[in-house]
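**Q** Output the structure for:
(2 chains)
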Amino acid sequence: MELEPHTWLILGKFAGAGIALGMGGIGAAIGMGNAAGMANTAIMRQPKVQREMLRTMLIGQAVGEGAAVFALVIGLFIIVVSPANLELIGGNYFAALLGAGLSIGFGTFGSGLGCGWPAGNACAGFARNPARSPKLTQSMIIGQAVAQSPSIFALVVSLILILTAKNGTDLPTMGIYISAGLAMGVSALGSGIGSGKTAGGAVDGIGRWPLSYGVTLRTMLIGQAVCETPAIFGMLVAFIMVIAPGDLNPGILGFAQVFGAAIAVGFGGIGPGIGSGLTAAQGCAATAARPDKDALILRTMLIGQAVSQSTAIYALIIALALLYVVG
Amino acid sequence: MESIGERLIWYYVPFTDIPIPLGGVNILTLFNAVLVMLVLFGLARLAVRKFAMVPSRSQMAIELYTGIFDNLVTSSLELDTREKNRRFFPLIGTLFLYLILSNFIGFVPTHYFEEPTADINCTLGLGLLGMFIATWCAIKTKGMGGYVEELLGPMWHQPEATGGAKIAGKLSALFFFPLNVIGELAKVVSISFRLFGNIVGGSIIIIVVSNLVYNFSILAVGLDLFFIFFVGTVQAFVFTMLTLTYIAVAIK
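**A** Below you'll find the predicted structure:
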């Protein structure tokens, strides 16, 4: 494709910023709507504390919007910042901006969606027991902050893509940039939803059994950490693609090679992320109910999550095989 | 923006021509890691200088910390005696202090103080250390045979099975063994990349936002406080708890 450098730059800005904000906004909007809905139900149960409830809901929504704010930061960065030597820009820079948009857009989708559950469950717990609101707010904020780790990984990858983009136009390099963004973004989607669901389960449990606060929080942190493993595999593949892509085929074959690897590790990570989130959410609720059996519950939870994660490991192996073995 | 990924690498031993193996050493990471250790050592010396029946404030803090982590280790490992649980307390307690101070060191607003945990080599080393200890404990409690048998999958050891079922069980190891070995390696990757990604991500967000807001830098300071102190503490705790959990799963 023969296009003017300026056209490539503008095309990249349109595509990257559009996808970043478009996709990133969806998740946060759904999640925050979910939180507000649960807050309404909670106010119905306990109308006397509606003022404090509204405050809890707004804090939860503000922290949960953080994911969309990351997308906003990268979108603004794509729009505002241009490289120094404009005449050397080619298709690679366009691909890097598009990849950055894919990474942050899909990556913040999951976290934004997931952060709705802890906020909503904090309101529900508040209606059950208004005296426990500081513990609920604390656990909600910690859970949401950890659930936003996948979108922080996506932010790292998108910034690396924007800042290390090469000049010129060649299909394998374009493929690397787009695929790195896709691998990171899509694999972070499931992890974000899963770790948000975990935080939701933990906050729900703390709302019902406030005395098991500490031990539930510990189970939540470990469960969320395991949920984020697919996103970490996606980040690993994205780093490998950008830093050490190996001997890629020339032309369209090289593009297909990296794109296939990105599809494998990205979409392969959605299921394990959500699945181990479902496990961990139940594990947190169970720990809150029976804090004396926490080690047993944690062990069972980890074994179940490990089986769920094995499909993400298959996906990682296929992606690495596509990058290095298929020549 | 150029300060992202800036590295000060020594390729040779200073004042000589001897090359450092494995492509040099990142001296900033090394310097900051040693600095954290020295600060921790100094604080520990100060805190234990005079112990008394009526505790001073520093003694109070250190006793509180010791008590919390002793409880954490005991309730996670659930070994039969308290002494056996306490064997792991120095590792876990020190790991958390080291990580939390490593994450906080980025708050010093000077050029050369950057988090050692923002270098993948540092976190990968800590992850490998934790995995090595977990594997070693597993071999020590179950024996080499028991450890390998666990890697061979759930269908390997079936005393009551005969004929075709037994052969099928042994053949299933061909499937489970590579999966379990890769699963163990994936644990190291995930634990170390999680810490690295969160710390690097925080510093990148701070740099990008301060670049975008120009003179209105109070926003960047607020983000700085959030990412360094809040995310740094949470991630240090997550890393420590995961190491402890890996050990607990390995010795069960």
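**Q** Now the helix or strand in which residue A:308 is found: buried residues?
**A** Here residue A:308, judged by DSSP states H and E, is contained in helix A:294-324. By neighbour count with 16 or more other C-beta atoms under 10 Å in any protein chain shown, helix A:294-324 contains the buried residues A:294-295, A:297-299, A:301-302, A:304-306, A:308-313, A:315-320, A:322-323. All C-beta atoms are positioned from the backbone trio N, CA, C, and that covers glycine.
**Q** Ok, stretch B:134-153 next?
**A** By 16+ other C-beta under 10 Å, the buried positions in stretch B:134-153 come out as B:134, B:137-138, B:142, B:147, B:150-153.
**Q** farthest pair in these?
**A** B:137 and B:153 (21.1 Å; C-beta to C-beta).
**Q** just to revisit the earlier point, keep the buried residues of helix A:294-324, but drop any that are not near chain B.
**A** A:294-295, A:298-299, A:302, A:306, A:309-310, A:313, A:316-317 (C-beta under 8 Å from any C-beta of the partner chain).
**Q** residue at max distance from the center of chain A?
**A** residue A:48 (36.4 Å; C-alpha atoms, centre = their mean).
**Q** Am I right that it sits in a helix?
**A** Yes - applying DSSP: H, G, I helix; E, B strand; the rest coil, one finds residue A:48 inside a helix.
**Q** Who are the contact partners of it?
**A** Applying C-beta atoms under 8 Å, 6 or more residues apart in numbering or on different chains, we find residue A:48 in contact with no residue.
**Q** how far away is residue A:312 from residue A:229?
**A** 6 Å (C-beta to C-beta, to the nearest Å).
**Q** Can you check what pLDDT the model gives residue B:192?
**A** Listed pLDDT for residue B:192 reads 90.
**Q** Can you verify my assumption that it contacts residue B:126?
**A** Yes - with contacts counted by C-beta atoms under 8 Å, residue B:192 reaches residue B:126, the gap being 6.8 Å.
**Q** Please say which of the two ends up with more neighbours.
**A** More neighbours surround residue B:192 than the other of residue B:192 and residue B:126, with 24 against 21 (other C-beta atoms under 10 Å in any protein chain shown).
**Q** Let me see the contact set for the nearest residue to that one once chain neighbours are set aside.
**A** Distances taken as C-beta to C-beta, 6 or more residues apart in numbering or on different chains place residue B:127 nearest to residue B:192, at 3.6 Å, with adjacent residues excluded. Residues near residue B:127 by C-beta under 8 Å, 6+ apart: B:187-189, B:191-192.
**Q** And for residue A:230?
**A** Taking C-beta under 8 Å, 6+ apart, we find residue A:230 in contact with A:187, A:190-191, A:268-270, A:272-273, A:309, A:312.
**Q** And the helices in chain B?
**A** B:27-47, B:57-77, B:82-86, B:89-104, B:120-151, B:163-171, B:173-213, B:218-225, B:232-250 (DSSP state H).
**Q** Check these for me and report the most buried one.
**A** helix B:232-250 (a mean of 22; mean count of other C-beta atoms under 10 Å in any protein chain shown).
**Q** what's the distance between residue B:30 and chain A?
**A** Computed with C-beta to the nearest C-beta, to the nearest Å, the distance linking residue B:30 and chain A is 22 Å.
**Q** That residue: what's it in contact with?
**A** If a contact means C-beta under 8 Å, 6+ apart, then residue B:30 has no contacts.
**Q** Give me the pLDDT for it.
**A** On pLDDT, residue B:30 comes in at 87.
**Q** cool, and residue B:249?
**A** For residue B:249, pLDDT reads 84.
**Q** remind me which residues of the chain are low pLDDT?
**A** Going with chain A. Chain A contains residues with pLDDT under 70 at A:1, A:327.
**Q** looking at chain B here, not the other one
**A** B:1-7, B:23, B:215.
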